[in-house]
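Asker: based on what follows, work out the 3D shape:
(2 chains)
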Amino acid sequence: MDKHSDKQLFSDAKGWSRDLEKEVQNRFANHEVSNFDIKSSKPFFGIDTPPPYPSGRPWHLGAAAQYSQIDAIARSQRMLGREVLFPIGMDRNGLPVERYTEKKYEIKMRETEREKFIELCRGALDDLQSEMVDILKAIGFSADFKRMYRTDSDEYRTLTQATFIKHWKDGMIYRGNRPTNYCVECGTTIADAEIEYKELPTKLAYFNFQVKESKNKITIASTRPELLAACRAIIVNPEDERYKGMIGKHAIVPIYKTEVNIIGHPSAKPEFGSGAVMVCSYGDYNDVLLFKELGLEEKIIINDTGRLTDVAGKLSGLTVNSARKEILKLLQEDGTLEKVQEISHRTPTCDRSKNPIEIIPMDEYYMKVRDLKEKVMEITNELNFIPDQHKQILFNWMKVAMDWPISRRRFYGTEIPLWYCKKCSEPYVPQPGKYYKPWKENPPNGTTCKKCGSKEFYGDVRTFDTWMDSSVSSLFVTRYSTDPEFYSKTYPLTIRAQGIDIVRTWLYYSIVRCFELTKRPPWSNVWIGGMGLDEHGEKMSKSKGNGVDPMLIIERYGSDAFRFWAASEASPGSNFLFSEQRIMGSQKFLTKLWNVAKFIKEFGDYGINEKPEKLFPTDKWILEELYSAVKDSLEGHRSFNFFIPSNRIREFTWNVFAPHYIEMVKARAYGKDFSKEERLSAIYTLNQTLRAILLLLAPICPFITESIWTSLYSEESIHKMEFPKDLPSFKEMSKYSSIITDFNTKVWGEKRANGISLRDPVSVRIPEELTIFEKDLKAMHNLK
RNA sequence: GAGCCCAUGGUCUAGUGGUUAUGACGUCUCCCUUACACGGAGAAGGCCGGGAGUUCGAAUCUCUCUGGGCUCACCA
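Answerer: As a prediction, the model looks like this:
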């Protein structure tokens, strides 16, 4: 370690500390600021808080920083006089917990009884959730934990199902047997949004097809030779001189000896590989488009377990990887293999399992999001984004977004509430308002098939994509389907706060779904936070091992130092790099504040309850400086930008208030050679200034401000106060600021140059402009 | 390949046509001054990514290049 480590050892020696913070944390538990009163006369402010996923890995520091920012939104809005609805939920559906459970118990989902598996997942989630709640409370998160919701609760799943049923009735859902992204590892279809592209090394194989009508051969290059049996065409670029004569002829597929057309198509790029492409069902998304365009008949060569089907003949039953090795061997034996080239290939992978995805035709449900595109883009345009430029990320995605496959072949999720008639397969949709589990329950009593009258049904065994649940969080927290009065007063919410990483999922799906259901956008503001990166600017991830556990940092430097760092580090929406050194810097500022408060506290109640008849020039000057700092900071608070108040208050406190003002009035505050009136003015001003600093800092550093506030000013929590308003302004005093600080710096410098102590007398002439501060300056510098 | 965003001392940042270009962290020197050595006083460190243009004047406006980030598409 570097030399900072020994400093850290003493970090708790005195001053503000994590232990004091813990005391405050306990107090927070007792006096809830998070209670929301629907009957309040204050203006309403509702936050759509991202429900974190209790995923098992230590929650990384970037996420904790983001949640502390979201908390600052809630706290600052309370202090701006709003009645704040600040819910918190846990996102508990879907793949992450299933994978976690499989790993933890060393079991496979599909080899475990569904009921049993669900139980194990739920237990795992409960443990992970309590860990997550502890972290949230440690960072001072002031949401309503008493009403914490879970997306896997019966109540929440009832809502997810009810909204699906409404979409169904509105004709927004369709069933399609389409080639879809399929993750073999997860055993489910996944959405485009869940795909992550990675550069992976792969083999590009060159092999020959015999042209039927001539003696010529045609060489194709493929990264997926194992799909050979599903090859239905060969395409070449019509401009490609090498193949011009072959267009319209036929080629014989090696090994399988089937015949395919050689077709001219511009998507074949002469410069890549051999310039000739085999079109298979389905090697990539381009194949899907070509099959559709050329009207080819698909052959299903990979099944849902990732093994090759009978179509593949000799390769049948092999996994994709072993089939690839095997086919290369066969081609070699056959004499048709030309060469194998190692290339790097941008491969679509599943963002959960990190395995390459397959494109397999699957029968799934889709939501018609494309039909809503225009309308949704229109309402998105009306939303206020913070920062503004991130709106573009969403627009870019909306322009290209496809219909959303919403069904998943998994266990731990909200069940698709559908049954099918055993006789005629007609689907049956139940009434909304109940939680249905078709995989183990019968449809409600008395259900008969509308089409054929049969009473025999079987249930759909699939679940929904997790985003189907979380995309209606704003409806759940406003009690959309359970409390019409509450809903009408709270929906739409005021703000959606979330990370930039889930714009094309949570944000996009929320807008689409809520708009379709309510015909209104779910909120009017969208706050997009940047990502926390490691000290080199790399994304933190478990696999890279560069993740930082926020609890370690909080235990070492305190939650307020962490929160202050998060607020002051980067402007809203931009990424920020983790830096322990800078968190230490924040801690130093809090120590400074602590000591300032300690000094002011010395004077007791004097100057807190008494108000002076008149204020003296130095006091007017700092009050004007304060006025301007407060004004700037409030602007930041109002625009959810905590970068502004954190830096402005730090700058004011550290560079103006403490070194100049406090030093100037110290003698006066002690009352030495000053009148009672002069003394009172100083102490009053010290307190007024500290009060304002504490109030403006409270949303960012809730612990230290609470501690100082309650020890100096009130029994009542600072978090129940409002920001300072109607502070006096003495505009004419602002012109003195630089003259004062310059003069002080000059005197200090001179004393140092002459090797005398700061207390020693010195003879320096006070500039003309500063005559009104003469008495304070004389006392401060011991001027003769 | 396309779109969007960004570019100020080692790091973060202020600055929106005229400043000796802010401030913080870090670095170096000196100082245990009674709120605070988790402190204080100083110092070093920047041709404001390159180029061209608009202008009397550009970190600031325009164009272009370069470099980064994000997203999309393509890579058989």
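
Asker: the closest residue to RNA strand B within the stretch 151-300 of chain A - how many residues pack around it?
Answerer: The minimum distance from the stretch 151-300 of chain A to RNA strand B, using CB to the nearest atom of the strand, falls at A:Ser222 (2.7 Å). Every residue, glycine included, has its C-beta placed from N, CA and C. Per other CB atoms under 10 Å, the neighbour tally for A:Ser222 reads 22.

Asker: what sits against it?
Answerer: Neighbouring residues of A:Ser222 by CB atoms under 8 Å, 6 or more residues apart in numbering: A:204-205, A:207, A:273, A:277-278, A:283.

Asker: residue in chain A with the shortest distance to RNA strand B?
Answerer: A:Arg346 (2.2 Å).

Asker: leaving out the residues flanking it, which one is nearest to the residue nearest the centre of chain A?
Answerer: Centroid-nearest residue in chain A, with CA atoms, centre = their mean: A:Gly499, separated by 2.8 Å. Excluding its sequence neighbours, the residue lying closest to A:Gly499 (CB to CB, 6 or more residues apart in numbering) is A:Gly529, at 5.3 Å.

Asker: again, but for A:Ser17
Answerer: A:Ser17's closest residue in space is A:Gly558 (CB to CB, 6+ apart), at 6.9 Å.

Asker: which phi and psi does the one you found have?
Answerer: With angles defined as degrees, to the nearest 10, A:Gly558 sits at phi 100, psi 150.

Asker: and it, how many neighbours?
Answerer: Neighbours of A:Gly558 (other CB under 10 Å): 28.

Asker: what's the span of stretch A:706-720, first residue to last?
Answerer: 10 Å (CA to CA, to the nearest Å).

Asker: what sits up against it?
Answerer: Outside stretch A:706-720, the residues that reach it (CB under 8 Å, 6+ apart) are A:16, A:20-21, A:23-24, A:27-28, A:31, A:33, A:75, A:78-79, A:142, A:593-594, A:597, A:600-601, A:608, A:687, A:690-691, A:694-695, A:698, A:702, A:705, A:721.

Asker: from the contact counts, what lies against the lengthiest strand in chain A?
Answerer: When chain A is parsed with DSSP state E, its longest strand is strand A:195-211. On a contact count with 3 or more CB pairs under 8 Å, 6 or more residues apart in numbering; DSSP states H and E, strand A:195-211 meets strand A:217-222, strand A:250-252, helix A:320-334, strand A:337-350.

Asker: buried stuff in the first one?
Answerer: Neighbour counts using 16 or more other CB atoms under 10 Å place A:218-222 of strand A:217-222 among the buried residues.

Asker: and that strand, what's its mean pLDDT?
Answerer: Computed over strand A:217-222, the mean pLDDT rounds to 88.

Asker: ok, stretch A:280-297 next?
Answerer: The predicted model gives stretch A:280-297 an average pLDDT of 79.

Asker: same question for stretch A:745-763.
Answerer: 78.

Asker: for A:Glu535, give me its contacts.
Answerer: Going by CB under 8 Å, 6+ apart, the list of residues near A:Glu535 reads A:577-579.

Asker: need those in CSV with pLDDT, can you?
Answerer: Rendered in CSV, the data for the contacts of A:Glu535 read as follows (pLDDT from 0 to 100):
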residue, pLDDT
A:Leu577, 80
A:Phe578, 82
A:Ser579, 82
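
Asker: next, A:Glu458: phi, psi?
Answerer: Heads up, residue A:458 is Tyr, not Glu. Per degrees, to the nearest 10, the backbone of A:Tyr458 is at phi -130, psi 150.

Asker: scratch that, A:Ala268
Answerer: As for A:Ala268, its main-chain torsions (degrees, to the nearest 10) stand at phi -80, psi 120.

Asker: would you confirm that it contacts A:Ala276?
Answerer: Yes. Assessed by CB atoms under 8 Å, A:Ala268 is found in contact with A:Ala276 at 6.8 Å.

Asker: common neighbours of these two, please.
Answerer: By CB under 8 Å, 6+ apart, the residues touching both A:Ala268 and A:Ala276 are A:235-236.

Asker: how about the residues of the stretch 651-784 of chain A by RNA strand B?
Answerer: A:651, A:654-655, A:658-659, A:662-663, A:666, A:745, A:748-749, A:752, A:757-759 (CB under 7 Å from any atom of the strand).

Asker: among these, who's most crowded?
Answerer: A:Ile662 (19 neighbours).

Asker: contacting residues for that one?
Answerer: A:596, A:599, A:686.

Asker: what do you get if the cut-off is 6 Å, keeping everything else the same?
Answerer: A:Ile662 sits next to no residue when contact means CB atoms under 6 Å, 6 or more residues apart in numbering.

Asker: neighbours around the spatially closest residue to A:Arg759 that is not a sequence neighbour, how many?
Answerer: Spatial nearest neighbour of A:Arg759, excluding adjacent residues (CB to CB, 6+ apart): A:Asn782 at 6.1 Å. Residues near A:Asn782, counting by other CB under 10 Å, number 17.

Asker: quick revisit: show me the contacts of stretch A:706-720 that map onto helices.
Answerer: The helices, defined by DSSP state H, take in A:20-21, A:23-24, A:27-28, A:75, A:78-79, A:593-594, A:597, A:600-601, A:687, A:690-691, A:694-695, A:702, A:705 from the contacts of stretch A:706-720.

Asker: reformat the buried residues of strand A:217-222 as a markdown table; add distance to A:Gly317.
Answerer: Converted to a markdown table, these look like this (distance: CB to CB, whole Å):
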| residue | distance to A:Gly317 |
| --- | --- |
| A:Ile218 | 30 |
| A:Thr219 | 29 |
| A:Ile220 | 25 |
| A:Ala221 | 27 |
| A:Ser222 | 21 |
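
Asker: now, the most widely separated pair of those residues?
Answerer: Greatest spatial distance in those: A:Ile218 and A:Ser222, 12.6 Å, computed using CB to CB.

Asker: mind listing what the residue in chain A sticking out farthest from the centre touches?
Answerer: Computed with CA atoms, centre = their mean, the residue of chain A farthest from its C-alpha average is A:Lys784, at 61.1 Å. If you count contacts by CB under 6 Å, 6+ apart, A:Lys784 has them with A:761, A:763.

Asker: what residues does the stretch 451-600 of chain A put near RNA strand B?
Answerer: Checking the stretch 451-600 of chain A against RNA strand B by CB under 7 Å from any atom of the strand, the hits are A:500, A:504, A:537, A:539, A:569-571, A:574-575, A:577, A:579, A:581-582, A:584-585, A:587-588, A:591-592, A:595-596, A:598-599.

Asker: on that earlier part again, and the contacts of stretch A:706-720, which are buried?
Answerer: Buried among those by 16+ other CB under 10 Å: A:16, A:20-21, A:24, A:28, A:33, A:75, A:78-79, A:142, A:593-594, A:597, A:600, A:608, A:687, A:690-691, A:694-695, A:698, A:702, A:705, A:721.

Asker: which residue ranges form the strands in the stretch 251-400 of chain A?
Answerer: A:259-264, A:276-280, A:337-350, A:358-367, A:384-386 (DSSP state E, counting those that start in this stretch).
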